[in-house]
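Visitor: Just a sequence and a predicted model for now, questions to come.
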Protein chains: 2
Amino acid sequence: MARVGVLIDDMFEDSEYVKPAKAFKDAGHGLVNIGVKMGAVTGAKTGVKVEIDKTASEVRPDDFDAIFIPGGYSPDRLRSNDEVVNFVKQFGATDKPIFFICHGAQLLITAGLLKGRRVTGWKSIIQDIKNAGAEYADQEVVVDRNFVSSRSPADIPAFTKDSLIKLKKISV
Amino acid sequence: MARVGVLIDDMFEDSEYVKPAKAFKDAGHGLVNIGVKMGAVTGAKTGVKVEIDKTASEVRPDDFDAIFIPGGYSPDRLRSNDEVVNFVKQFGATDKPIFFICHGAQLLITAGLLKGRRVTGWKSIIQDIKNAGAEYADQEVVVDRNFVSSRSPADIPAFTKDSLIKLKKISV
């Protein structure tokens, strides 16, 4: 089955990690939580703890079939770390699937991956998405080649469904 | 003395509000805390409470000589409120001073005020600042006409000093 790298730090939006992660695991896929440093990170709303399995400096694009970026303020923290940004930049060059929701697109902006793409995200970052050269679409889920993006926790079912379709294609 | 509108919401960086606000008041200037709704907002790190004096829908650019945007995640919250963004856009058209630190530039990006300007801000938003058409300068404080900007809490002394110079010019 597919190997999914999850880019996550403190202040992630709890449900945007918990629900897709459970669905990916239930479908048989393997998840590796990638962080800035080892230890646990904590969700912003309900205090969910997530153990980091690998730091960004330890991973390479070959280790994963897809990456997943939950929202909240986790992406803002991740994008200020050069090793995380370099990994995402390198992974982006492979054209393998990238799933991102809410503030997740922020990390792709810093990694320079949004130009010419069609994506969605949280309301506050709409202008940043447009300024990065992407087309913003106000939809519950936007699939543009290898990218699957959504706006908010309300979109999790559609986000998870379309992400699982991408993972299934990898697995067969 | 000068009338300063402070744009603030929950999760502001405590010291980035507290220290400049104290310095402005000590110099005799009047502060009005402008929020999304009435009530108190809470700082992200030490839990400082700030009472909102006016909502964004109640204020007009004529009410203030300058505006001040502390950092933290407060600017991300403010920029998803249309009334706040409209007020900042209108205030920006007056060319009166705007002081912003850390994530503060995010609000100016959504208000469309950064194009062609020279500013600084928190590391995570550097690419957003550049994509908005501004020149990013890695300095403790950047003064560009009516804009005074800084990067982080460590820059507060320089930020406060240059903001006070602008306020003094208004007051005399």
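Guide: Great, that's in hand.
Visitor: Contact partners for the most centrally placed residue in chain A?
Guide: Closest residue to the average C-alpha location of chain A: A:Ile69 at 1.6 Å, with Cα atoms, centre = their mean. Shown in contact with A:Ile69 (Cβ atoms under 8 Å, 6 or more residues apart in numbering or on different chains): A:6-8, A:75, A:78, A:98-101, A:104, A:107-108. Using the backbone N, CA and C atoms, a C-beta is placed for each residue, glycine as well.
Visitor: distance of it from A:Glu58?
Guide: Going from A:Ile69 to A:Glu58 by Cβ to Cβ, to the nearest Å gives 18 Å.
Visitor: can you give me the strands for chain A?
Guide: A:3-7, A:30-35, A:39-42, A:49-52, A:54-55, A:66-69, A:98-101, A:118-119, A:135-136, A:142-144, A:147-150 (DSSP state E).
Visitor: of all those, which lies closest to B:Asp82?
Guide: Closest approach to B:Asp82 among the strands of chain A is made by strand A:135-136 (15.9 Å; Cβ to Cβ).
Visitor: tell me what the closest one is packed against?
Guide: strand A:118-119, helix A:126-131 (3 or more Cβ pairs under 8 Å, 6 or more residues apart in numbering or on different chains; DSSP states H and E).
Visitor: Direction included, what does it pair against?
Guide: strand A:118-119 (parallel) (DSSP bridges).
Visitor: got the contact list for the strand it pairs with?
Guide: By Cβ under 8 Å, 6+ apart, strand A:118-119 touches A:100, A:105, A:108, A:129, A:134-137, A:142, A:144, A:147, A:149.
Visitor: Grab the nearest non-local neighbour of A:Pro109.
Guide: Residue A:109: Ile, not Pro. Ranked by Cβ to Cβ, 6 or more residues apart in numbering or on different chains and with sequence neighbours excluded, the top spatial neighbour of A:Ile109 is A:Ala132, at 4.6 Å.
Visitor: which bits of chain A sit near chain B?
Guide: A:73, A:76-77, A:79-80, A:103, A:106, A:109-110, A:112, A:122-124, A:126-128, A:131-133 (Cβ under 8 Å from any Cβ of the partner chain).
Visitor: mind checking which helix or strand of chain A has the lowest mean pLDDT?
Guide: helix A:156-171 (a mean of 96; mean pLDDT, DSSP states H and E).
Visitor: list the helices and strands that one packs on?
Guide: Against helix A:156-171 (3+ Cβ pairs under 8 Å, 6+ apart) you get helix A:14-26, strand A:66-69, strand A:98-101, strand A:147-150.
Visitor: can you put these in a markdown table and add mean pLDDT?
Guide: Shown next, in a markdown table, are the helices and strands packed on helix A:156-171 (pLDDT from 0 to 100):
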| stretch | mean pLDDT |
| --- | --- |
| helix A:14-26 | 98 |
| strand A:66-69 | 98 |
| strand A:98-101 | 98 |
| strand A:147-150 | 98 |
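Visitor: ok, back up a step: go through the least confident helix or strand of chain A and flag the buried ones.
Guide: Across helix A:156-171, burial judged by 16 or more other Cβ atoms under 10 Å in any protein chain shown covers A:156, A:158-160, A:162-164, A:166-167.
Visitor: Equivalent analysis for stretch A:82-92, please.
Guide: Per 16+ other Cβ under 10 Å, stretch A:82-92 contains these buried residues: A:84-85, A:87-88, A:91-92.
Visitor: Okay, and which of the residues you listed map to helices?
Guide: A:84-85, A:87-88, A:91-92 (DSSP state H).
Visitor: Go through these and say which is closest to B:Val48.
Guide: A:Val84 (29.9 Å).
Visitor: can you tell me which residues contact that closest one?
Guide: Here A:Val84 is in contact with A:7, A:34, A:36, A:56, A:78, A:107 (Cβ under 8 Å, 6+ apart).
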